[in-house]
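Pasting a predicted model and its sequence here:
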Amino acid sequence: DAGVIQSPRHEVTEMGQEVTLRCKPISGHNSLFWYRQTMMRGLELLIYFNNNVPIDDSGMPEDRFSAKMPNASFSTLKIQPSEPRDSAVYFCASSPQGRDSNEQFFGPGTRLTVL
Amino acid sequence: SQKIEQNSEALNIQEGKTATLTCNYTNYSPAYLQWYRQDPGRGPVFLLLIRENEKEKRKERLKVTFDTTLKQSLFHITASQPADSATYLCALQAGSARQLTFGSGTQLTVLP
């Protein structure tokens, strides 16, 4: 298995531009999580999906952030418009069904820099 | 408010010694506690999980304890090696909720 796949690995953009991050979870996993990691705030949960349905988006910082999961094998996190304070590493993680222990498998992350 | 604290931000130990990392939490009643390892430029990798009714869990050179009275978990690496150098994160999960709340991590350096 290729594991969780994220693209792009690095993104540099200018303030005000739209940014779209992509994630392909591990096949058969029914939960998908988007996290943001910064030195100041650590690893924060932004939103998670269960069976493609958003369950908890309380961590999404502002309306500028949106996430979708159109099918079981693809999810996007969009920031529009982007701001310098959005600079961080964004991780996607997936978790298999039927386990209440919720071991999570993380992707390699997307390092976003907003100038 | 809920709070998770991991002992020092950085811990240096000599190769062969036992590394002990601490995770304390307040205003939280986790059903599960997990430990992850994160290397620079990579995503966290799951290591161990311990349930609230378990006192101790072992996996090879790793040992985790969970004291719900003290609201604390200890993570031990015995016979540490330079390859164990990484950041270690604890994460709490409440009941059937699938969300995890992560601590800020402890950066461990094992000196040869």
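Happy to help now that I have it. Numbering: from 1, shown residues only, chains lettered A, B, ... in the order given.

residue nearest the centroid of chain A?
Centroid check for chain A by CA atoms, centre = their mean gives A:Trp34 as the closest residue, at 3.0 Å.

Would you pull up the residue in chain B closest to chain A?
Per CB to the nearest CB, B:Gly43 is where chain B lies closest to chain A, at 3.1 Å. Where you see a C-beta, it was placed from the backbone N, CA and C, and this is true even at glycine.

Give the closest residue to the residue nearest to the centre of chain A in space, chain neighbours not counted.
Spatial nearest neighbour of A:Trp34, chain neighbours left out: A:Leu46 (4.5 Å); criterion: CB to CB, 6 or more residues apart in numbering or on different chains.

Let me know whether my guess that that neighbour is in a helix holds.
No: counting by DSSP: H, G, I helix; E, B strand; the rest coil, A:Leu46 is located in no helix; its state is strand.

where does chain B have its least confident helix or strand?
Least confident element among the helices and strands of chain B, by mean pLDDT, DSSP states H and E: strand B:3-6 (a mean of 89).

And the contacts of that one?
Contacting residues not belonging to strand B:3-6 are listed as B:21-28, B:88-90, B:92, B:101-106 [CB atoms under 8 Å, 6 or more residues apart in numbering or on different chains].

got the residue ranges for the helices in chain B?
For chain B, no helices are identified by DSSP state H.

show me where it has strands.
B:3-6, B:10-14, B:19-26, B:32-38, B:45-51, B:56-59, B:62-67, B:72-77, B:86-93, B:101-102, B:106-111 (DSSP state E).

Those: lowest mean pLDDT?
Lowest mean pLDDT of the strands of chain B: strand B:3-6, a mean of 89.

If we go by neighbour counts, what in that one is buried?
By neighbour count on 16 or more other CB atoms under 10 Å in any protein chain shown, the buried set for strand B:3-6 is B:Ile4, B:Gln6.

Likewise for stretch B:78-92?
For stretch B:78-92, a neighbour-count test (16+ other CB under 10 Å) marks B:Ser80, B:Asp84, B:Ser85, B:Ala86, B:Thr87, B:Tyr88, B:Leu89, B:Cys90, B:Ala91, B:Leu92 as buried.

Just put those residues in JSON lines and tack on distance to A:Asn52.
Below are the buried residues of stretch B:78-92 laid out as JSON lines (distance: CB to CB, whole Å):
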{"residue": "B:Ser80", "distance to A:Asn52": "42"}
{"residue": "B:Asp84", "distance to A:Asn52": "38"}
{"residue": "B:Ser85", "distance to A:Asn52": "38"}
{"residue": "B:Ala86", "distance to A:Asn52": "33"}
{"residue": "B:Thr87", "distance to A:Asn52": "32"}
{"residue": "B:Tyr88", "distance to A:Asn52": "32"}
{"residue": "B:Leu89", "distance to A:Asn52": "27"}
{"residue": "B:Cys90", "distance to A:Asn52": "29"}
{"residue": "B:Ala91", "distance to A:Asn52": "24"}
{"residue": "B:Leu92", "distance to A:Asn52": "26"}
